[in-house]
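Student: Turn this into a structure:
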Amino acid sequence: MNCDIKWILGAGVDKIEDGVAHYENLDGEYKTESYDFAMLIPAFSGHGFKAFDKDNQDITNKLFKGFMIVDADYTSKPYEEWSVQDWPETYQNPYYKNIFAPGIAFAPPHAISKPRKSKNGTDISPAPPRTGMPSGITAKLVADNIIDSIKNGKESLDHKGSLGNMGAACIASAGYGITQGSGVSITTYPIVPDYHKYPKTQGRQLGKTFGEIGLAGHWLKLALHYAFIYKAKMKPFWWLIPE
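Tutor: Okay, the predicted model is just below:
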């Protein structure tokens, strides 16, 4: 089946009407695209929570930058000075040590890809990925640190994991059927590009970064559904199933 899908790159949607998406591209052009079915992924900006202490003093800047502030380096600096060392390792709030924010809850120090603006000055940049595997890994290391701290009677943060030295895999369904199904299998390492360690390959290790589409991906996706349900029910040896 030919779905006639075309890509529009370097663009940001600014308004949606019934059957029409309005967008701006990097050249500063305002265009529209008609559709009969569409899915939009909104920008990850956080909720805009406010926080106050018991004396009713505003402490929002200690807790939130859209998402939760953690042990990242939030210093404002140009793209050329961005580093994997800017990214958090323990996901602990630096001001309130009993607060952690793994998964999609933490505020990233900056985007992953190079930020871009249209000729009109509009920000058109992809957001950091918020996928299941790194969410599971970071949640597990936070849980392990909390457990260790309780057992030891003092803070213990031996379990660490930065998106700058962590890989991720994702499988997306692209068709249904025992013999006609299809799935997109994607891996990337590291999640946040390390341009110093891998300067010639856009910051990633190519042997661990690839994408494939086909029937094998469909079967792998199906197998993972059953595996994760098994893990969620905590059946024998559930802990051997990775995030």
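Student: helix or strand right after the helix or strand containing Asp148?
Tutor: Per DSSP states H and E, Asp148 falls inside helix 132-152. Using DSSP H and E, the helix or strand that directly follows helix 132-152 along the chain is strand 168-175.
Student: Report the angle between that next one and helix 132-152.
Tutor: Here the directions of strand 168-175 and helix 132-152 differ by 140 degrees (axes from the mean of the first three to the mean of the last three C-alpha atoms, to 10 degrees).
Student: Off-centre distance for strand 168-175?
Tutor: How far strand 168-175 lies from its chain's middle: 15 Å, per C-alpha atoms, centre = their mean, to the nearest Å.
Student: Now the least confident helix or strand in the chain by mean pLDDT: buried residues?
Tutor: Using mean pLDDT, DSSP states H and E, strand 168-175 stands out as the lowest-scoring helix or strand of the chain, at a mean of 85. Using 16 or more other C-beta atoms under 10 Å as the test for burial, strand 168-175 gives 168-169, 171. C-beta: built from backbone N, CA, C; applies to glycine.
Student: Name the strands paired with it and say parallel or antiparallel.
Tutor: strand 182-188 (antiparallel) (DSSP bridges).
Student: Just checking the distance from the strand it pairs with to the centre of its chain.
Tutor: When distances are taken as C-alpha atoms, centre = their mean, strand 182-188 is centred 16 Å away from the chain's centroid.
Student: coming back round to it: could I get the buried residues of strand 168-175 in JSON lines, plus columns for distance to Pro193?
Tutor: Shown next, in JSON lines, are these (distance: C-beta to C-beta, whole Å):
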{"residue": "Ala168", "distance to Pro193": "13"}
{"residue": "Ala169", "distance to Pro193": "17"}
{"residue": "Ile171", "distance to Pro193": "22"}
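Student: quick check, nearest of these to Glu17?
Tutor: Nearest to Glu17 out of the buried residues of strand 168-175 is Ile171 (C-beta to C-beta; 33.7 Å).
Student: Kindly provide the distance from the residue nearest to the closest one when sequence neighbours are not counted to Tyr230.
Tutor: Counting by C-beta to C-beta, 6 or more residues apart in numbering, the nearest residue to Ile171 once its immediate chain neighbours are dropped is Lys221, at 4.6 Å. Using C-beta to C-beta, to the nearest Å, we find Lys221 at a distance of 15 Å from Tyr230.
Student: okay, those two: which has more neighbours?
Tutor: Legend: neighbour count by other C-beta atoms under 10 Å for Lys221 and Tyr230, higher for Lys221 (18 against 14).
Student: Do me a favour and average the pLDDT over the helix or strand harbouring the more buried one.
Tutor: According to DSSP H and E, Lys221 maps onto helix 215-232. Mean pLDDT, helix 215-232: 90.
Student: Let me know the distance separating the nearest residue to Gln205 once chain neighbours are set aside from Asn165.
Tutor: Leaving aside its chain neighbours, Gln205 sits nearest to Tyr189 (5.1 Å; criterion: C-beta to C-beta, 6+ apart). Distance, Tyr189 to Asn165, using C-beta to C-beta: 9 Å.
Student: any low-confidence regions in the protein?
Tutor: Within the chain, the stretches with pLDDT under 70 are 1-5, 42-43, 127-130.
Student: ok, 50 please
Tutor: Along the chain, the model assigns pLDDT under 50 to residues 1-2.
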